[in-house]
Structure formats: structure tokens, C-alpha cells
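Asker: Okay, sequence plus prediction incoming.
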Amino acid sequence: MIKVLLADDQHLVRGALAALLTLEGDIEVVAEVGRGDELVLAARESGAEVALVDVEMPGLDGLAATAALHTALPSCRVLILTTFGRPGYLRRAMEAGALGFMVKDAPPEQLADAIRRVASGERVVDPVLAAESLAGGANPLTGREQDVLAAARGGATVADIARQLYLSEGTVRNYLSSAIAKTGTRNRVEAVIHAEQHGWL
């Protein structure tokens with residue numbers, strides 16, 4: 001029996017996944033969490049062998065939670081299951097230690113098969129996403145440029161971003177200019193959208 005932990009902030013999604021997986025004779029859902037910062041403890045307490053992890057969760061996003069789980073409990077393998085099939089997410093998920101990456105609209109039998117394969121140590125990646133990831137190339141933004149763009153979400157001013165990140169306003173402007181140039185966009189709003197669409201933030 002493969003012990004599975006579900007990590008998704010939407011109760012309905014968790015419930016539907018649990019119901020589907022219970023139909024499989026060799027898969028048992030042993031724990032469920034709705035926050036990324038609850039993942040490691042739940043995996044440890046439940047003895048889960050595979051964690052199905054959503055990317056967008058409160059507390060800690062799914063990619064950071066995956067990295068924390070991989071460090072704390074490498075025996076629990078991670079399969080990222082997300083609504084957002086963004087190439088940048090795939091690359092970051094693999095760097096965080098995930099063995100698998102699938103989008104939520106995959107057929108149920110594909111998900112069960114992916115869980116079995118990840119449990120046995122195989123890599124499982126949505127083929128369309130893998131192709132897009134290779135075609136899209138690596139994230140061109142530095143860590144600091146990502147921080148500044150993330151802080152710019154929601155229309156924050158340069159002064160706001162500088163305060164939040166403990167940088168000078170001139171440094172923030174430099175990072176924004178660099179990020180705009182690297183994303184081939186015209187302004188910070190477009191740069192944020194472009195980076196989000198590619199899964200770089």
C-alpha cells in the first residue's frame with residue numbers, strides 16, 4: 001500500500017483527490033494539509049511515502065515546501081500537482097527535489113500511475129510541459145530581480161519596494177530596469193506578468 005499525503009489549500013480539491021485515490025486498491029491517503037508550512041510535520045507523523053503538493057498554498061508555497069520536505073525527509077517523494085502548467089514552475093520543482101510534475105486536469109488513471117512511479121523512484125513529468133520548459137530556457141532573472149518584481153506586484157511604488165527589501169530606491173530602480181530588459185517588456189507591470197506566466201516568481 002502506497003501511503004499518500006495531500007497538500008492543497010482547497011478543501012474540495014483535496015476531497016476529490018482523496019475520493020479518487022481511495023478507489024485504487026494499492027493507494028491510501030494517510031494525511032491532508034491545506035498549508036505549505038504544515039507539510040514536513042504531516043509527512044513525518046503520517047509516514048507518507050508520496051506527497052501530492054499544490055504550488056500555490058498559504059504559509060509556504062508548494063515549491064518552498066517541497067524543498068523543505070526534501071531536506072527534512074528525503075524518503076517522502078514529491079509529486080507536484082498544479083493548475084498552473086508553467087515551464088518555470090517545472091524547473092523550480094525539480095530543483096527543489098520533486099520527482100514528478102503534473103497538471104490537475106490530467107486523467108485520474110494517469111495520476112494513480114504517476115503516484116506509483118514516483119513511489120518507486122521514477123521521474124514523472126507532464127510531456128507537454130517538459131517540451132515547453134526545454135523550449136523556454138532557464139529563468140534569466142537573478143534572485144534579487146525576482147524579489148524586486150515579486151514586491152512590485154499590486155502596484156507597489158519604488159519607495160515601498162525599497163522599504164520592504166531594505167534597499168535604496170536607486171538599487172530598486174536598477175533591478176527593475178534589468179528585469180524589464182531581460183523579460184523584453186516595456187514596464188514593471190508587464191515584467192511582473194511575464195515572469196508570473198513563465199513561473200519565475
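Answerer: Noted; the coordinates are in hand.

Asker: Name the spans of this protein whose pLDDT lies under the cut-off.
Answerer: Under the criterion pLDDT under 70, the flagged ranges of the chain are 84-85, 87, 130-137.

Asker: if we go to 50?
Answerer: Nowhere does the chain drop to pLDDT under 50.

Asker: Which neighbouring elements make contact with the one helix or strand V13 maps to?
Answerer: Using DSSP states H and E, V13 maps to helix 11-22. Judged by 3 or more Cβ pairs under 8 Å, 6 or more residues apart in numbering; DSSP states H and E, helix 11-22 is in contact with strand 2-7, strand 27-33, helix 108-119. Just so you know, the C-beta spots here come from the backbone N, C-alpha and C atoms, and that holds for glycine as well.

Asker: so how far is it off the chain centroid?
Answerer: Helix 11-22 sits 19 Å away from the centroid of its parent chain (Cα atoms, centre = their mean, to the nearest Å).

Asker: To A96, which of the helices and strands packed on helix 11-22 lies closest?
Answerer: strand 2-7 (13.3 Å; Cβ to Cβ).

Asker: Where do the helices of this protein begin and end?
Answerer: 11-22, 39-46, 62-72, 87-96, 108-119, 127-136, 143-152, 158-165, 169-183, 188-197 (DSSP state H).

Asker: can you tell which of the ones you listed is closest to E32?
Answerer: helix 11-22 (5.1 Å).

Asker: quick one: that closest one to helix 108-119, angle?
Answerer: Between helix 11-22 and helix 108-119, the angle comes out at 80 degrees (axes from the mean of the first three to the mean of the last three Cα atoms, to 10 degrees).

Asker: I'd like to check what contacts helix 11-22. Which residues are they?
Answerer: 4, 6, 8, 27-29, 32, 34, 52, 54, 81, 104, 108, 111-112, 115 (Cβ atoms under 8 Å, 6 or more residues apart in numbering).

Asker: And the furthest pair within the residues you listed?
Answerer: G34 and A112 (22.5 Å).

Asker: before we move on, the earlier item: how about the helix holding V13: buried residues?
Answerer: V13, R14, L17, L21 (16 or more other Cβ atoms under 10 Å).

Asker: Go through the residues you listed and name the one nearest V125.
Answerer: Relative to V125, the closest of the buried residues of helix 11-22 is L17; by Cβ to Cβ it sits at 19.2 Å.

Asker: What's the separation between that closest one and V118?
Answerer: 15 Å (Cβ to Cβ, to the nearest Å).

Asker: Kindly report the same for T66.
Answerer: 12 Å.

Asker: And S75, by the same measure?
Answerer: 12 Å.

Asker: Which of these two has more residues huddled nearby?
Answerer: Per other Cβ atoms under 10 Å, whichever of S75 and V118 has more neighbours is V118, with 24 against 8.

Asker: Identify the residues contacting the nearest residue to T83 once chain neighbours are set aside.
Answerer: Counting by Cβ to Cβ, 6 or more residues apart in numbering, T83 lies nearest to K104, which is 5.2 Å off, once chain neighbours are set aside. The neighbours of K104, taking Cβ under 8 Å, 6+ apart as the test, are V13, L81, T82, T83.
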